[in-house]
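J.: Sequence and predicted structure are below.
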Amino acid sequence: MKLAIALVLLVIATLLFHWLSPWWFTPLASNWGAVDTTVDITLYITGFVFVAVNLFMAYAIFRYRHDPSRRAHYEPENKKLEIWLTGITAVGVVAMLAPGLIVWADFIDPPEDADIVEVVGEQWQWSYRFPGEDGVLGKVDSRHVGPDNPFGMAPDDAAGRDDVLVRNKDLHLPIDRPVKVLLRSKDVLHDFAVPQFRVKMDLIPGTVTYLWFTPTRTGNFDILCMELCGIAHYAMRGQVIVNTGDDFNAWLAEQPTWEMMQGRIAGDPSIGEGQYAVCSACHGAMGEGNVALNAPALAGLQGWYLERQLQYYKDGVRGSHKDDIYGQQMAPMAAMLADDDAVRHMVAYIESLPAVDMQSSLLGNVAKGADHYVTCGACHGGEAQGNYALQAPKLSGQHDWYLKRQLANFRSGIRGAHKKDNYGNQMVLMSRALHNEQSVNDLLAYLNTM
């Protein structure tokens, strides 16, 4: 009797949870209302079966409960009942699968006039490529990927010269225009998903998959990676920003093409040396850093990382937080570099400076620090040498007091909170894995051994 009551209460509680729960689909923002309908059909069928089976079990337990005056009837087979149950089950399965197959047939058949955009996934960022005026995307190959060619564009393919390259986690699209999304991975399995659009698809290394949809309302919508792609999988996020047609065209016109990227001049260390004279007042003549002036070492850092940070200062991504005292000092200094060419000249000179030996200023447990570094090493390398593929800078050869301050800034949101700081956003989450100051000191003590 108690078990029968428990089953009835389970059914009632489940129905109440379903109807009263705040956890439901996000509001639809695309043409894929059929996906919601398919899910609803599946839910209603399985829900009906769940209620029917559990109530029947409760009835059977109550109706055929133990009674010493009755004797059970043994019936090993009932073909008629088995035929009915098999038939009903088959109808139910078909009713669940058929709508999904119909929707899938539409899902893999994009309109011929659909716009094209390529989504590129990598640990742990999204980037995007649009065809230029010729309407054709150029050839790509992972063998071409490097600091000056992050998309792996084929250098000799004329069709790719006007491709628009967006090295940012946010994807802009126009409203009410169908778009076919080509999906490419540079490293491991990823999965591109936008819950509000009801679309998701795996990115498989070595091939190109696709999906399509039509945004039906303006706004910002979450991009998630729904494939466990590594240690920072949960931080691999972005947004689809749906604009009006005019706003989208204006944004697209501001993005660089592959031809523009190829046309950038290489940095000249001889020009950069003259520009560095101002920097040397704080960072030292050889880029060795200066603790008295809170200036970190620059010598030994990778050029791509230096270039990104200088651009962040110029754009206000770094140095704009009210509590970032030293960043606020650095921002106007970076602004003295008039354009991208000036930044590259400066970086070229800093890259030519020899790395310097650092003196430890913190005490910590090296063995515990090595355990903490296992997580960090997944991006920054086993010897803290940095990793371009993961956009993780070199940590070895840097002042421990500076690294400690940056970890504190990440942990408190002083650094990495800006919406355009794609990689800083991830570091905010990763830095909070260090629970206290002693953990930070232990980690830095280990880094000092490298």
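T.: Now that the structure is in, tell me what you want to look at.
J.: Would you map the strands across the stretch 201-350 of the chain?
T.: Ranges of strands in the stretch 201-350 of the chain, per DSSP state E, counting those that start in this stretch, are 209-213, 219-225, 237-243.
J.: Looking at the ones you listed, which is nearest to residue 425?
T.: Residue 425 lies closest, by CB to CB, to one member of the strands of the stretch 201-350 of the chain: strand 237-243, at 7.8 Å. C-beta here means a position set from N, CA and C on the backbone, and glycine is covered the same way.
J.: What's the first helix or strand after the helix or strand hosting residue 50?
T.: Secondary structure from DSSP states H and E places residue 50 in helix 33-63. The first helix or strand that comes after helix 33-63 along the chain, using DSSP H and E, is helix 79-107.
J.: re earlier: need the strands of the stretch 201-350 of the chain in CSV with distance to residue 129 and mean neighbour count, can you?
T.: Below are the strands of the stretch 201-350 of the chain laid out as CSV (distance: least, CB to CB, whole Å; neighbours: other CB atoms under 10 Å):
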stretch, distance to residue 129, mean neighbour count
strand 209-213, 14, 20
strand 219-225, 15, 17
strand 237-243, 14, 20
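J.: In TSV, list these along with distance to residue 65.
T.: Formatted as TSV, these follow (distance: least, CB to CB, whole Å):
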stretch	distance to residue 65
strand 209-213	54
strand 219-225	50
strand 237-243	55
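J.: Dump the ones you listed into a markdown table; add distance to residue 416 and mean pLDDT as well.
T.: Below are the strands of the stretch 201-350 of the chain laid out as a markdown table (distance: least, CB to CB, whole Å; pLDDT from 0 to 100):
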| stretch | distance to residue 416 | mean pLDDT |
| --- | --- | --- |
| strand 209-213 | 31 | 95 |
| strand 219-225 | 19 | 94 |
| strand 237-243 | 13 | 93 |
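J.: For the helix holding residue 50, buried residues please.
T.: 35, 38, 54, 58, 61 (16 or more other CB atoms under 10 Å).
J.: got it, and stretch 266-283?
T.: 267, 269, 271, 272, 273, 275, 276, 279, 280, 282, 283.
J.: How about stretch 413-429?
T.: Buried-residue list, stretch 413-429, by 16+ other CB under 10 Å: 414, 415, 416, 418, 421, 422, 423, 424, 425, 426, 427, 428.
J.: End to end on it, go ahead and measure it.
T.: 10 Å (CA to CA, to the nearest Å).
J.: contacts for it?
T.: Contacts to stretch 413-429, defined as CB atoms under 8 Å, 6 or more residues apart in numbering, come from residues 124-125, 168-169, 232, 234-235, 237, 312, 315-318, 320-321, 323-324, 327, 391, 406, 408-411.
J.: Residue 249: which of the buried residues of helix 33-63 is nearest?
T.: residue 35 (29.3 Å).
J.: Could you measure from that closest one over to residue 213?
T.: Distance, residue 35 to residue 213, by CB to CB, to the nearest Å: 10 Å.
J.: quick one: common contacting residues for the two?
T.: residue 198.
J.: quick one: the helices in the stretch 201-350 of the chain?
T.: Using DSSP state H, counting those that start in this stretch, the helices of the stretch 201-350 of the chain run over residues 245-253, 258-262, 269-283, 303-315, 325-335, 340-351.
J.: most neighbours per residue, which of the ones you listed?
T.: helix 340-351 (a mean of 21; mean count of other CB atoms under 10 Å).
J.: and the helix or strand following that one, what other elements does it pack with?
T.: Per DSSP H and E, the first helix or strand lying C-terminal to helix 340-351 is helix 366-380. Applying 3 or more CB pairs under 8 Å, 6 or more residues apart in numbering; DSSP states H and E, we find helix 366-380 packed against helix 437-447.
J.: Between which two of the buried residues of stretch 413-429 is the distance greatest?
T.: Pairwise over those, using CB to CB, the maximum falls at 414 and 422, 17.1 Å.
J.: low pLDDT regions in the protein?
T.: Regions of the chain meeting the criterion pLDDT under 70 are absent.
J.: that older thread, from the buried residues of helix 33-63, which is closest to residue 150?
T.: residue 35 (33.1 Å).
J.: and residue 424, what element?
T.: Per DSSP H and E, the secondary structure element for residue 424 is helix 422-431.
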